[in-house]
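> have a look at this fold, sequence not included:
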């Protein structure tokens, strides 16, 4: 007659060969801590990244830096406004702490100059496109005013024809700068590795 095993004994036999990788789990936790630090650094600015890296045990520093890096590198984008430009600048400071190379600082300084130039060009484009479209918009306003019997003003961004014209021109400008952003991300990743 065979030996009858309990469910616990069967489970223990099946999991006998499975060893827990405690160091792998800890590395994952350190990586997650790095991501949280990076988010706090961006949102609150109260995080001292060099200090956090310094007080992390040597064997876990790379995981912490990787977590910080993974969050901050996503901030390398074309800024939509001055606030986004400030966030990009802040991300650059954090990346400098993680990458730790002077060539990164020089590259990022150039990137900030280019994104500042981009914001200025966007503002000029916006103004020029609205001026260029103004006669056509006035014509539409006059026509609507005649039909409705009262004065009508149209916001250019509510006119589908203008929005298409605007987006086409703005997207052309964005495409000119998109390559620079991708190159900066690639260079940053290369310097980190």
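On my side now, so go ahead. From a predicted model like this one, the values you see are computed outputs, not experimental measurements. Numbering: from 1, shown residues only.
> show the average pLDDT along the longest helix seen in the chain.
As assigned by DSSP state H, the longest helix anywhere in the chain is helix 102-148. Helix 102-148 shows a mean pLDDT of 91.
> let the chain start at 50 from now.
New numbering, starting at 50: the last item is helix 151-197.
> SS state for residue 214?
Here residue 214 takes the helix state, with states given by DSSP: H, G, I helix; E, B strand; the rest coil.
> neighbours around it, how many?
When counting by other Cβ atoms under 10 Å, one arrives at 16 neighbours for residue 214. No exception for glycine: its C-beta is placed from N, CA and C like everyone else's.
> cool, and residue 199?
8.
> for it, list the residues it contacts.
By Cβ atoms under 8 Å, 6 or more residues apart in numbering, no residues touch residue 199.
> backbone phi and psi for it, please?
Note on residue 199: its backbone torsions stand at phi -150, psi 160 [degrees, to the nearest 10].
> that one and residue 123, how far apart?
To residue 123, residue 199 is 49 Å away according to Cβ to Cβ, to the nearest Å.
> which residues sit against stretch 97-104?
86, 87, 90, 110, 113, 114, 117, 143, 146, 147.
> from those residues, which two are the most distant?
90 and 110 (16.6 Å; Cβ to Cβ).
> show me the shaky parts of the protein.
50-52, 54, 60-61, 63-72 (pLDDT under 70).
> show me how it divides into domains.
Residue ranges for the domains of the chain, per automatic domain parsing: 50-124, 128-242.
> next one: the longest one to chain centre, how far?
Using Cα atoms, centre = their mean, to the nearest Å, we find the averaged C-alpha position of domain 128-242 to lie 15 Å away from the chain's own average C-alpha position.
> start to end distance for it?
26 Å (Cα to Cα, to the nearest Å).
> list the residues that contact the most centrally placed residue in the chain.
Nearest to the mean C-alpha position of the chain, by Cα atoms, centre = their mean, lies residue 124 at 2.8 Å. Counting by Cβ under 8 Å, 6+ apart, residue 124 touches 91, 136, 137, 139, 140.
> and the last one, what helix or strand is that in?
For residue 140, the host element (DSSP states H and E) is helix 131-148.
> roughly how far does residue 227 sit from residue 168?
Residue 227 is 15 Å from residue 168, by Cβ to Cβ.
> higher neighbour count, these two?
Per other Cβ under 10 Å, whichever of residue 227 and residue 168 has more neighbours is residue 168, with 17 against 13.
> quick one: that one and residue 137 touch, right?
No: the pair residue 168 / residue 137 is not scored as a contact, 10.5 Å apart, by Cβ atoms under 8 Å.
> which residues do these two both contact?
Common neighbours of residue 168 and residue 137 (Cβ under 8 Å, 6+ apart) are residue 128.
> element containing residue 201?
Going by DSSP H and E, residue 201 is not in any helix or strand.
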